[in-house]
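Asks: Give me the fold of what follows.
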Amino acid sequence: MSILTYRSSGRWFVLLMILLVAAQSAGGAESISITGVVTNQEGQPLGNATVNVPSLDRTVRTDSEGRFTLENLPPSLIRIEVRHVGYAPTSLEVHPSRLDGKPVTIELKERAVEIGQITVTGTPTAVDPLRTPQDIQVLAAEDLAANETAALGKVLEDLPGVSNISTGPQAGKPVIRGLSGNRIRVMKDGVPMEHYQFSFRHQPVLDLTPAERVEVIQGAASILYGSDALGGAANVISKRLPSGQPGTSYLTGLVKGQYFSNNAERSGTVELEGATGHLGYRGGLTTRRADNFSTPEAPTFAETGEPGAPKFTGELPYTNFDQISAYAMAGVSGEFGNVWAVYDRYDSEQNYLLGDGNPIGQNLENDNVKLKGNLILGPELVLKPTLAYQRNVRQAKEGVSFEQNPEWAVDMVRSVYAARLDLSHSNIAGLSGTAGIDLNVQDQETLASGLLPNADIFGIGVYAFEEYTSQRMTINGGLRFDYREHEAEANPAMNLPDTAAGETADVLSQDYTVLTGSAGISFRLTDFLTAASNLAVGFRAPDLFELHANGIHGGVQAFQVGDPYLDPERSYNIDGGLRLQTAVALVRATVYHNRIDNYIFLRNTGRDTTIGSTALPILQADQTDGTITGLEISGKIDALSWLRLSAAY
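Replies: Below is the predicted model:
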């Protein structure tokens, strides 16, 4: 009997059993505390600074005297990150058991280039991204605050090697080294966002309000995140679980707003954060609403007939949107480590302008529930279980706006059940790393559409990733094994299976078995210059749309047809670069070469089908091989205490 026959209740039982076993394993672990003070360069204390332990998803705030206490830490080497508004963030490595109870003094500098950002994504341990072999870019909290918009792609597009596919101010898909859509894993706190991506208009369904930073892996990241990460990953890291100082409580809040004059876009956010002892909590609400946006007045193609002339100019109808998002989290910390629960919701109603001047009205909904933990098993071992549920809704109709409350022509719901269990260790036989297993089960329910059948997806991955670090050199590498299975329901309206072409029920099922891995090295040539190189193999299984689509896709004005015999894509990515850091400058240069086998694309067959009075081209899923080669250069320089210069190529 297929494993896909398990229903939701059975899946949740298995996931909860994983967490319960993990929690039982964590009892009795030794823990330790660190005390310290945060000051400026003149030695004056800095109150309300955040002191983070990224590997444990923990944070505390300093009191009015700049003092802090981090309790219940494992007696092993940990990395601490400290931030305060108006100062450059800094990081340091501390071994709590070697402090002998002595307080730590951490000094922050005003307005320096942000060197030493902490990153967790794509590496076995929390490290400085300038030392890791992987090419990782970090968009920090300060950058998010300055550049926050409704679209993730727009926020990330200034990073070297990253661009944006934009179809309006509310929709922006990140492009990493020429790849986008299902070839880029968009995640929230390491949990994949399983949203529909079979069009350039299908943006990630998330809001950046609760984000502390965004980490972007450039190059294949399948070893930690499996299918869909063959081109890279963008991980939105939420603000961490707050903890109170011993015997104290606090509550703080934030209110902010934005206004964009072009489309009268207005945004408002309210956030609260607090802690009482070992109990921490945080929540927020954001609303965004925009009218139609405008472009400069200019002669259109209809007026001039000149190639390259714009289709529309002036105020563009049907480019408005209405979004609301909210999140809430709560958790506890203790000698066992910490556990917390998070719920967030994203709701967006929007219009898109088609080439014929008509709208596509659209409604997007996304709910996420996560239960996560960092359970201290011993001096060098931390168990990190994650349970997650996601419900993603996409509704659309061509020819009407969302304000008309249409009967949706496209109405799809995907439920995703995910579990992940990581065992992280530090300094065992000179190695730090992680080993784990992740499980992903999806139910696709299509209420109205000719693009997707009802289907189930089951995926499981097992991986190990290790790292060796000396004073000047870091070497890491790992392997991953994935099994993925698709099971679609027969759908006569979609001609599935196509019996006239000789297809049988066999085309309803696909399974893929894939081995991936990576190896990399970085070497500090001088105190300021590091060389790094990484080789990674990634994969992507064909999605349900590419396998089984058979209908009109209004967003691209075409009739699209899938191919159930597609092979998984495989990428072989190698890159090398130099990273220069000084007290006032940060410069990076990277070259890369990415070969992709079985690249899936939509081929224009040259044939049309007539729907009503409209002839639509027939696009057929197909495969080929290809390569992408590129160069990235970026730099930041603090020319003066109040002036920063930056450039990227």
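Asks: Any regions of this protein where pLDDT drops low?
Replies: 1-31, 111-125 (pLDDT under 70).
Asks: All the helices of it, in order from the start?
Replies: For the chain, the helices defined by DSSP state H cover 8-25, 141-147, 152-156, 222-225, 301-304, 544-548.
Asks: Outside of the last one itself, list whatever touches it.
Replies: The one in question is helix 544-548. Residues from elsewhere that reach helix 544-548 (C-beta atoms under 8 Å, 6 or more residues apart in numbering): 196, 198, 444, 451-453, 455, 457, 486, 488, 491, 494, 496, 510, 560, 562-564, 566, 600, 621. (Glycine included, C-beta is placed from N, CA and C.)
Asks: what about the nearest residue to Tyr463 once chain neighbours are set aside, how many residues close to it?
Replies: Spatial nearest neighbour of Tyr463, excluding adjacent residues (C-beta to C-beta, 6 or more residues apart in numbering): Arg480 at 3.8 Å. By other C-beta atoms under 10 Å, the residues close to Arg480 number 24.
Asks: ok now do Arg480, which residues does it touch?
Replies: By C-beta under 8 Å, 6+ apart, the contact set of Arg480 is 222-224, 226, 461-464, 515-517.
Asks: Just send those back as a markdown table, with neighbour count and distance to Val339 too.
Replies: Shown next, in a markdown table, are the contacts of Arg480 (neighbours: other C-beta atoms under 10 Å; distance: C-beta to C-beta, whole Å):
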| residue | neighbour count | distance to Val339 |
| --- | --- | --- |
| Ser222 | 28 | 28 |
| Ile223 | 25 | 26 |
| Leu224 | 28 | 22 |
| Gly226 | 27 | 25 |
| Gly461 | 23 | 23 |
| Val462 | 13 | 24 |
| Tyr463 | 22 | 23 |
| Ala464 | 17 | 25 |
| Leu515 | 10 | 33 |
| Thr516 | 26 | 31 |
| Gly517 | 19 | 32 |
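Asks: Quick check: buried residues in stretch 52-72?
Replies: By 16 or more other C-beta atoms under 10 Å, the buried positions in stretch 52-72 come out as 52-63, 66, 68-72.
Asks: One more: stretch 73-86?
Replies: For stretch 73-86, burial by neighbour count (16+ other C-beta under 10 Å) applies to 73-84.
Asks: which among these gets closest to Val186?
Replies: Within these, proximity to Val186 (C-beta to C-beta) peaks at Glu81, which comes in at 23.5 Å.
Asks: Do I have it right that the closest one meets Asn52?
Replies: Yes - assessed by C-beta atoms under 8 Å, Glu81 is found in contact with Asn52 at 4.4 Å.
Asks: Show me what Val416 bridges to in the sheet.
Replies: Gln390, Gln442 (DSSP bridges).
Asks: just checking, it touches Leu387?
Replies: No - checked against C-beta under 8 Å, the pair Val416 and Leu387 is beyond contact range at 11.7 Å.
Asks: Touching both of those two, which residues are there?
Replies: By C-beta under 8 Å, 6+ apart, no residue touches both Val416 and Leu387.
Asks: Identify the residues contacting Ile184.
Replies: 174-176, 228-229, 231-234.
Asks: re earlier: among the buried residues of stretch 73-86, which are located in strands?
Replies: Applying DSSP state E to the buried residues of stretch 73-86, the entries found in strands are 73, 78-83.
Asks: I'd like those residues written out as TSV, with distance to Ala326 added.
Replies: Shown next, in TSV, are those (distance: C-beta to C-beta, whole Å):
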residue	distance to Ala326
Leu73	32
Ile78	32
Arg79	31
Ile80	31
Glu81	27
Val82	29
Arg83	25
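Asks: Could you identify the most distant pair in the residues you listed?
Replies: Leu73 and Arg83 (18.9 Å).
Asks: And the contacts of stretch 602-610?
Replies: Counting by C-beta under 8 Å, 6+ apart, residues outside stretch 602-610 touching it are 558-560, 615-622.
Asks: Name the residues linked to Tyr468 by a beta bridge.
Replies: Note on Tyr468: beta-bridge partners Leu431, Ile475, judged by DSSP bridges.
Asks: so it makes contact with Gly430?
Replies: Yes - in this structure Tyr468 lies within contact range of Gly430 using C-beta under 8 Å: 5.9 Å.
Asks: How about Gly399: what's its closest non-neighbour residue?
Replies: Asn358 is the one closest to Gly399 (C-beta to C-beta, 6+ apart), at 5.2 Å.
Asks: which residues sit in contact with the one you found?
Replies: 318, 398-399 are the contacts of Asn358 under C-beta under 8 Å, 6+ apart.
Asks: any idea how far Val537 is from Val591?
Replies: 19 Å (C-beta to C-beta, to the nearest Å).
Asks: higher neighbour count, the two?
Replies: Shown here are Val537 and Val591; by other C-beta under 10 Å, Val537 has more neighbours (20 against 15).
Asks: Identify the bridge partners of that one.
Replies: Here Val537, judged by DSSP bridges, has bridge partners Gly517, Tyr572.
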